[in-house]
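please find the sequence and the predicted model below.
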Amino acid sequence: MKFRKAKKEDIPKMKKNTEKSPLVYIIVLNWNSYEDAIDCVNSCLKLTYSNFRILLMDNASTDGSESRLREYFPDIEFIQTGANLEYAKGNNLGICYALKKGAEFVWILNPDVKVEETSLSLLVDVFKKNPSLGICGPRIIQGDTKNRFYFDGLSIYPNKGYQYKFNTIEYWFTKTSPNLLDVDSVSGCSMLIRKSLLSDIGLIREDFLRYYNDVELSFRARECGWQTAVCRKAIIMHRTNLRKINPHRLSIPPYPYVYRDSIFFAKIRKKFVLKAMLPLVVLGKIKTLFKEGYFMDSFKVLLTSLKIALCVLLTPIKPIPRLET
């Protein structure tokens, strides 16, 4: 795949009218996905917002990402973390760098998203109008066209073991709601975060493997009086990287990282731990296998699930990372 290299004239437009707009640092954390990252950064370079900078980060990719990204974007700030720090620790490193450079907001973007030109302007505008707003996300469209599935943030169900679901457009059709929608959690693939919120509640927890970082941050923010919301007019396109579920009957839970991290979230919250350990997806699969006569398989599924749960319960909770003062 060929990409147009970023030209120097693409970069200065990020620095116009800086006295009128707060500085936003866009953090794109890459790991073995330089093609996605190039598309993401190219879409960011077309943003109409007047005062932003892009920070490209790489989690020690093994596919030559660093050299390719430095080649295509020689004038964009770049950090090589030196190890696969995963989502939370890698983005926390970028957040600390951005705030030291004077950022008032940080916009965390997964590399497999592309942004619409007006998205950042619309997001910053709702922050200006809502001083209690701490985290805001855009409407997320799956794929590159607006007629694909999309969602507005996440709904969380504590009494169901902190299961979550995407707030689809059908969900919002049932409500009369303004452009700015309060949500339980903003999706971590695109979060614009206010600096003062991070100073108040701390950074992203680094306990989770892949999921629930965004949920925990949103819950913590709301508990401290901050608003978490989605701006429906701001739109990004998200190319999902979810692999097909392994059809093998022993691939239970189908997403072990989700299962593991939901239990850890319940552990942090000190509520509904048992419900998080035995979600309907596990119990339902065990029941189905048992009815079909796969007695040993149903036992193995139960054993695997309990093993994951026990491992989580024995894992100590790390302190919340804080900004250096």
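Everything's here; your move.

any idea where the strands of the stretch 151-300 of the chain begin and end?
163-168, 180-182, 190-194, 227-238 (DSSP state E, counting those that start in this stretch).

deepest-packed of those, please.
strand 190-194 (a mean of 25; mean count of other C-beta atoms under 10 Å). Using the backbone N, CA and C atoms, a C-beta is placed for each residue, glycine as well.

just to revisit the earlier point, format the strands of the stretch 151-300 of the chain as JSON lines; extra columns: mean pLDDT and distance to Cys311.
Output for the strands of the stretch 151-300 of the chain, formatted as JSON lines (pLDDT from 0 to 100; distance: least, C-beta to C-beta, whole Å):
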{"stretch": "strand 163-168", "mean pLDDT": "87", "distance to Cys311": "20"}
{"stretch": "strand 180-182", "mean pLDDT": "92", "distance to Cys311": "35"}
{"stretch": "strand 190-194", "mean pLDDT": "98", "distance to Cys311": "28"}
{"stretch": "strand 227-238", "mean pLDDT": "94", "distance to Cys311": "30"}
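
I'd like to know which of those strands is closest to Ile140.
Ile140 lies closest to strand 227-238 among the strands of the stretch 151-300 of the chain, at 5.1 Å (C-beta to C-beta).

kindly export the closest one (C-alpha atoms) in PDB.
This file holds the C-alpha atoms of strand 227-238, laid out as PDB (Å, rounded to 0.1, in the frame of the first residue of the first chain):
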ATOM      1  CA  GLN A 227     -19.300  14.800  33.300                       C
ATOM      2  CA  THR A 228     -18.500  12.100  30.700                       C
ATOM      3  CA  ALA A 229     -20.400  12.500  27.400                       C
ATOM      4  CA  VAL A 230     -20.500  12.000  23.700                       C
ATOM      5  CA  CYS A 231     -20.800  14.800  21.100                       C
ATOM      6  CA  ARG A 232     -23.000  13.300  18.400                       C
ATOM      7  CA  LYS A 233     -22.000  15.900  15.800                       C
ATOM      8  CA  ALA A 234     -18.300  14.900  16.000                       C
ATOM      9  CA  ILE A 235     -17.700  11.800  14.000                       C
ATOM     10  CA  ILE A 236     -14.800   9.400  13.600                       C
ATOM     11  CA  MET A 237     -14.600   6.200  11.500                       C
ATOM     12  CA  HIS A 238     -13.300   3.100  13.300                       C
END
